[in-house]
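Student: Need coordinates for the below:
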Amino acid sequence: MIRIIRLFYYTLFALTPLVMSSATTEMFEFNKIMGIYAIAIIIGALYSLHYLINRPTIFFPKVLYLFGIFFVLMGISTYFSIDPHTSIYGYYGRWNGGLVSIVAYVSLLFVFIQTFDRDHLKKLLLVSVGTSALVILWALPGWFGYDLSCLLFTGNLTNSCWTAQFAPHIRMFSTLGQPNWLGAYLAIHLFIGMYFLYESLKSKLLHRYLILAYLILNLFALYATKSKSSWYGVALALSIGLILFFSFKIRKNIRSVSIIGSIATLVLVTGVILTFGSSLFTQKVPEHLDVTDSFIIRTYVWQGAINLWKQYPVFGSGPETFAYAYFFTKPIEHSRTSEWDFVYNKAHNEFLHYLATTGIVGFMGYVGIIGGTFHLFSSTVSQLLRNRKKWFEHVTEDFFGICLLLSYISILATNFFGFSTSTIQLFFYLIPGMIIVYSKKKCHAELVSASQLSGFRIKSSTVRLRPNRSGMTMIVLFTIMLLSYVGRIYYADRLYARAQSERAAEDYQSASHSLVQALKLKYEHVYEDKLSTYMAHFAFISSFAEDDSSLVTNMINQSKLYNAKALDHSFKNVQYWRSKARNYYLYYQITHNIQDLITAADTMKYTTKLAPNDAQGYYMTALFNSVLFSETKDVIYQKEALSFVKQALMLRPQYVEASELLGGIEASPSSRE
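Tutor: Coordinates of the predicted model:
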């Protein structure tokens with residue numbers, strides 16, 4: 001049973017970075033997290049069966065308490081969330097970071113500690129390094145204009161399947177989805193690869209050339225991502241590693257020092273060359289576009305995250321609700337950037353993200369598990385400093401622990417300038433387990449004492465008990481139920497993706513039907529919101545047919561119902577309120593009932609209270625009031641339109657549509673009087 005469990009861990013690290021699909025609404029992250037859920041369920045079930053059959057001794061490190069406390073704090077934050085459904089499942093399409101994902105990661109960590117030893121840990125990391133090599137090789141043709149993903153999804157060996165925002169010949173992203181995500185993944189494996197290179201050099205193995213070739217490929221791919229955060233992570237981790245290594249004041253074993261020093265120097269020099277060289281290959285931006293520097297935008301998002309925390313200081317707005325809550329505190333300066341109308345589902349700083357969405361309580365829990373992980377590393381390092389002679393005898397094993405530490409540091413650095421993805425979360429949660437497994441092995445070598453393992457063992461029984469068949473049956477049935485649920489989630493998303501395609505073809509009837517089917521499989525207020533919009537459009541199109549009055553009325557009523565349900569579950573969701581306003585504008589065009597138009601204008605006006613610095617909300621409010629003035633000739637609506645359009649231009653002076661609307665309002669007869 002243990003061998004099968006390990007096989008699934010190998011599968012987890014081999015498939016997660018590679019899995020993607022064009023049939024889902026989000027090609028990369030959604031598919032990866034679904035795979036993680038499925039494998040986590042299977043691993044949990046297999047270990048539960050193993051426990052019932054064999055009653056093994058359970059090793060429970062104290063650091064697991066920190067992960068348990070973090071989960072409880074996230075649960076409390078979810079209870080007070082502005083959108084509990086999103087906090088449980090995660091932001092739709094990404095899902096990583098919701099309460100369910102944390103259960104999966106912590107479960108994987110617990111079983112990992114019970115089932116792995118150092119030898120199998122190294123095999124797992126070799127599998128992971130091999131997978132990262134495949135990720136790089138998959139991306140290389142795209143760098144030269146022949147993207148394999150385009151070949152897979154469209155049958156064309158070009159880069160043409162990607163939009164201008166995704167240009168693999170400018171910034172490589174491979175199967176990870178975004179350049180920064182690929183960069184963070186490669187930074188982790190750079191240090192793991194350094195360990196295997198060191199080990200091969202020490203033992204004079206032939207595969208040293210393969211490892212060296214991998215490191216060169218890794219560095220090139222890091223350069224090709226143009227990911228500054230990844231290079232910051234590499235530089236920080238490498239600097240700490242060099243300080244740590246030479247703090248041992250090694251005066252013997254010159255060969256080991258020279259090998260490690262050479263590897264570190266090679267990485268550092270290559271990184272500097274590639275960083276400065278990247279300026280020669282900067283992306284050409286069309287002259288008519290004013291693109292704001294990404295770091296400047298990031299500082300505005302950070303400012304908004306801090307202000308959001310001040311608004312929800314204790315428990316935050318709720319896990320993974322940043323996409324909705326950021327509207328509340330979006331800085332004025334952000335509205336004047338090139339990404340003024342983008343939706344940010346993360347704070348682009350994992351620490352500030354937890355602070356804003358889970359408050360000081362969740363933030364302390366997050367920092368606590370990081371601190372507990374560093375405590376695991378520090379126990380090993382301090383023991384090395386006290387046993388320098390023994391350290392020389394076990395230099396390879398100790399360098400392994402140091403490389404794990406550097407990989408972990410690179411995660412924290414890239415998370416500081418960005419945010420975690422499902423693939424990176426696997427390492428964030430399992431690296432603590434890896435150092436625990438590594439320390440357990442060293443314990444047998446008498447290099448680390450039992451107390452330094454920071455844990456204890458739970459013995460279930462010294463007597464072999466007969467397997468509990470009823471318990472085993474319950475586990476199997478529960479596992480089938482959970483896997484079926486994951487399957488329903490996945491298929492519901494495919495139906496949602498189909499609905500989006502049908503909507504793009506203006507087939508609103510089919511799109512509505514697809515979403516109704518999706519809702520039967522899995523409840524999502526995202527589906528309800530889109531369904532209300534699709535039904536409103538379908539009602540508008542059907543209104544041109546003279547014999548469809550009952551159908552039109554039914555579609556309008558259904559549209560209102562689904563929008564009300566979506567708002568009931570996510571009452572502070574600005575996007576859903578905008579959907580309501582747009583829907584009522586469509587209703588007005590069908591019914592010519594001025595009250596529908598008034599409702600549209602009032603609803604948009606309400607969004608400006610939720611999102612006081614969002615220029616789009618003011619523009620749409622002005623637009624609806626302008627239409628009201630045209631229909632009623634009531635100057636009150638004209639004054640409202642004039643006030644809101646000026647506010648939109650104050651927030652974003654270069655707002656072209658708002659400038660044109662202002663000109664139209666000022667040119668009207670009542671305005672000139």
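
Student: Confirm for me that residue 169 is in contact with residue 159.
Tutor: Yes - with contact defined as CB atoms under 8 Å, residue 169 counts as touching residue 159 (5.7 Å). No exception for glycine: its C-beta is placed from N, CA and C like everyone else's.

Student: Compute the number of surrounding residues for residue 379.
Tutor: 18 (other CB atoms under 10 Å).

Student: who has more neighbours, residue 169 and residue 159?
Tutor: residue 159 (20 against 15).

Student: ok, now how distant is that one from residue 149?
Tutor: 9 Å (CB to CB, to the nearest Å).

Student: Check residue 177 too.
Tutor: When residue 177 is compared with residue 149 (using CB to CB), they lie 10 Å apart.

Student: quick one: common contacting residues for these two?
Tutor: residue 20 (CB atoms under 8 Å, 6 or more residues apart in numbering).

Student: Report the residue spans of the stretch 501-650 of the chain with pLDDT below the cut-off.
Tutor: 546-548 (pLDDT under 70).

Student: now the helices for it?
Tutor: Per DSSP state H, counting those that start in this stretch, the stretch 501-650 of the chain carries helices over the ranges 508-521, 525-542, 549-569, 574-591, 594-610, 615-632, 635-651.

Student: Those helices: which one's closest to residue 130?
Tutor: Closest to residue 130 of the helices of the stretch 501-650 of the chain is helix 508-521 (CB to CB; 35.8 Å).

Student: ok, back up a step: which residues do residue 159 and residue 149 both contact?
Tutor: residue 142.

Student: mind listing the strands for the stretch 401-550 of the chain?
Tutor: 455-458 (DSSP state E, counting those that start in this stretch).

Student: before we move on, what about the stretch 101-250 of the chain?
Tutor: Counting by DSSP E, counting those that start in this stretch, the stretch 101-250 of the chain contains no strands.

Student: Tell me where it has helices.
Tutor: So, for the stretch 101-250 of the chain - with DSSP H, counting those that start in this stretch - the helices run 118-143, 148-154, 179-203, 208-225, 228-246.

Student: ok, and which of those has the densest surroundings?
Tutor: Of all the helices of the stretch 101-250 of the chain, helix 179-203 has the most neighbours on average by mean count of other CB atoms under 10 Å, namely a mean of 24.

Student: Mind telling me which residue is nearest the centre of this protein?
Tutor: When CA atoms, centre = their mean is applied to the chain, the residue found nearest the centroid is residue 421 (3.7 Å).

Student: Spit out the residues that contact residue 169 and residue 159 alike.
Tutor: 142, 145.

Student: Can you tell me how far the closest residue in space to residue 413 that isn't next to it in sequence is from residue 327?
Tutor: Spatially, and ignoring its direct neighbours in sequence, residue 413 is nearest to residue 233 (3.5 Å; CB to CB, 6 or more residues apart in numbering). Remark: distance between residue 233 and residue 327 (CB to CB) = 30 Å.

Student: How about residue 410?
Tutor: 32 Å.

Student: So between the two, which is more surrounded?
Tutor: residue 410 (31 against 23).

Student: Show the pLDDT at the more buried one.
Tutor: We have a pLDDT of 93 for residue 410.

Student: May I see the domains of the chain written out as residue ranges?
Tutor: The chain is divided into the following domains under automatic domain parsing: 2-280+292-458, 506-672.

Student: Check those domains for me: which has the lowest mean pLDDT.
Tutor: domain 2-280+292-458 (a mean of 84).

Student: from the middle of its chain, how far away would that domain be?
Tutor: 12 Å (CA atoms, centre = their mean, to the nearest Å).

Student: again with stretch 639-656
Tutor: That offset, for stretch 639-656, works out to 34 Å (CA atoms, centre = their mean).

Student: would you put the C-alpha positions of that stretch in CSV?
Tutor: The C-alpha trace of stretch 639-656 is given here as CSV (Å, rounded to 0.1, in the frame of the first residue of the first chain):
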residue,chain,number,x,y,z
LYS,A,639,-27.2,67.0,-14.0
GLU,A,640,-26.6,63.6,-12.6
ALA,A,641,-25.0,62.5,-15.9
LEU,A,642,-22.8,65.6,-16.0
SER,A,643,-21.7,65.1,-12.4
PHE,A,644,-20.8,61.4,-12.8
VAL,A,645,-19.0,61.8,-16.1
LYS,A,646,-16.8,64.5,-14.6
GLN,A,647,-16.0,62.2,-11.7
ALA,A,648,-15.0,59.5,-14.2
LEU,A,649,-12.7,61.9,-16.0
MET,A,650,-11.3,63.1,-12.7
LEU,A,651,-10.3,59.5,-11.8
ARG,A,652,-9.1,58.8,-15.4
PRO,A,653,-8.4,62.0,-17.4
GLN,A,654,-7.6,59.9,-20.6
TYR,A,655,-11.0,58.1,-20.5
VAL,A,656,-11.9,58.5,-24.2
